[in-house]
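# got a structure for you, letters missing:
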């Protein structure tokens, strides 16, 4: 129950921030802005997230988790409101970059909080609940686009109000003592083994590339496959399956091991993309999107809980920041690479995902050989 204020804060902040991300693109498009300008404003947000990954842990360490979240909520609400005061592109770029920094610090604070207070053998389940709340809020926020006239300042005021309302639940939030929460459970304050860190960072990079490509280019891929009239339906089904598999994935990862679930996720995504490439009937498409959504949307929380291992305190916050940095790099580079393949091939996005998960599978195999091979064995 002590996480209820935190999850309430997360819901309100995600409703406002995720709605604003979509609103900015739709608003600029309605104002006749060039596509390049819309893409530049969108990239400024993720560039801000990338930049914040260099100082988020120090800010959280100085302010504490609750005060850091208060600062992030206030910054996001003011940055959203300020968009209604000007139409100058440079100022919009700065405002979106500042919003991205606040969002990144918020993610690091919430994720390190959730992982830090969870028992060591239940961290995957804790991350699954966090991701379920986040994806539900993200999906619900998109409904505002159809309900609120995006051409009026009312839409920006709504985003501002939601981000500001996220301050209220923090009044009842108990500041976590991450050093004491897991100290008696064998937690460590130092770094995990190098191979574990490498696997976690690579997994977050792959997850960022995968989800970035799906978010940005799956609608275009569906249109190229003559499924343009059902884009919304398939995208909703993709996200819904990702949400539905969060809790089972967390339980299975805690029971059978996180690396085992990474293998399962890789097989699910790869199999789903092969089905999408080869078949076009509705029943197969529904199954394929279910596999891709369930595997892709659970890779990030699984690799994150694996990389954090038994860490607590400042070390946990630092590791969360590094994982956010890897995820941000993937989110920026994935759509670019997938877009180049999509220009050359009709099923370029599926080809990109298949190549990506194949490389990830080889990395998992390499890690298995390195970690599980006894030191005295010789090849």
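Thanks, I have the structure now. Owing to the predicted nature of the structure, the values given are computational and were not obtained by experimental measurement. Residues are numbered from 1 along each chain as shown.
# remind me which residues of this protein are low pLDDT?
Confidence mapping of the chain against pLDDT under 70 gives the ranges 1, 35, 177-193, 227-229, 371-379.
# Pop the domain breakdown of it in here.
Listed domain ranges for the chain are 4-176, 194-372 (source: automatic domain parsing).
# Turn those into TSV, including mean neighbour count.
C-betas here are computed from N, CA, C, even on glycine. As requested, these are exported to TSV (neighbours: other Cβ atoms under 10 Å):
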stretch	mean neighbour count
domain 4-176	19
domain 194-372	20
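# For residue 30, give its distance to residue 23.
10 Å (Cβ to Cβ, to the nearest Å).
# Residues in contact with both of the two, list them for me.
The contact sets of residue 30 and residue 23 overlap at residue 150 (Cβ atoms under 8 Å, 6 or more residues apart in numbering).
# gap between the closest residue to residue 53 other than its chain neighbours and residue 215?
Nearest residue to residue 53, sequence neighbours excluded (Cβ to Cβ, 6 or more residues apart in numbering): residue 325, at 3.7 Å. As judged by Cβ to Cβ, residue 325 and residue 215 stand 19 Å apart.
# Looks like residue 311 contacts residue 319 (just checking).
Yes: the criterion here is Cβ atoms under 8 Å, and residue 311 meets it with residue 319 at 5.8 Å.
# For residue 347, grab phi and psi.
phi -110, psi 40 (degrees, to the nearest 10).
# so the nearest residue to it once chain neighbours are set aside, which of the three states?
Nearest residue to residue 347 in three dimensions, chain neighbours excluded: residue 277, at 5.3 Å (Cβ to Cβ, 6+ apart). Secondary structure assignment for residue 277 (DSSP: H, G, I helix; E, B strand; the rest coil): helix.
# returning to that earlier point: from residue 97, how far out is the residue nearest to residue 53?
16 Å.
# Check residue 125 too.
35 Å.
# and if you look at residue 166?
Residue 166 is 20 Å from residue 97, by Cβ to Cβ.
# and what of residue 348?
Applying Cβ to Cβ to residue 348 and residue 97 gives a distance of 30 Å.
# cool, residue 345 as well?
In terms of Cβ to Cβ, residue 345 sits 34 Å off from residue 97.
# Give me the distance between residue 87 and residue 170.
For residue 87 relative to residue 170 (Cβ to Cβ), the value is 33 Å.
# same check, this time on residue 39
With Cβ to Cβ as the criterion, residue 39 and residue 170 are 34 Å apart.
# Then residue 242?
Residue 242 is 28 Å from residue 170, by Cβ to Cβ.
# For stretch 95-107, which outside residues touch it?
13, 17, 20, 24, 41-42, 44-53, 56, 59-60, 68-69, 71-73, 75-76, 79-80, 82-83, 324, 328.
# Out of these, list just those in helices.
Using DSSP state H, the members of the contacts of stretch 95-107 that fall in helices are 13, 17, 20, 24, 41-42, 44-52, 56, 59-60, 68-69, 71-73, 75-76, 79-80, 82, 324, 328.
# And the contacts of stretch 79-91?
Outside stretch 79-91, the residues touching it (Cβ under 8 Å, 6+ apart) are 16, 20, 24, 37, 40-41, 92, 95-96, 98-99, 102, 153, 156-157, 159-160, 163.
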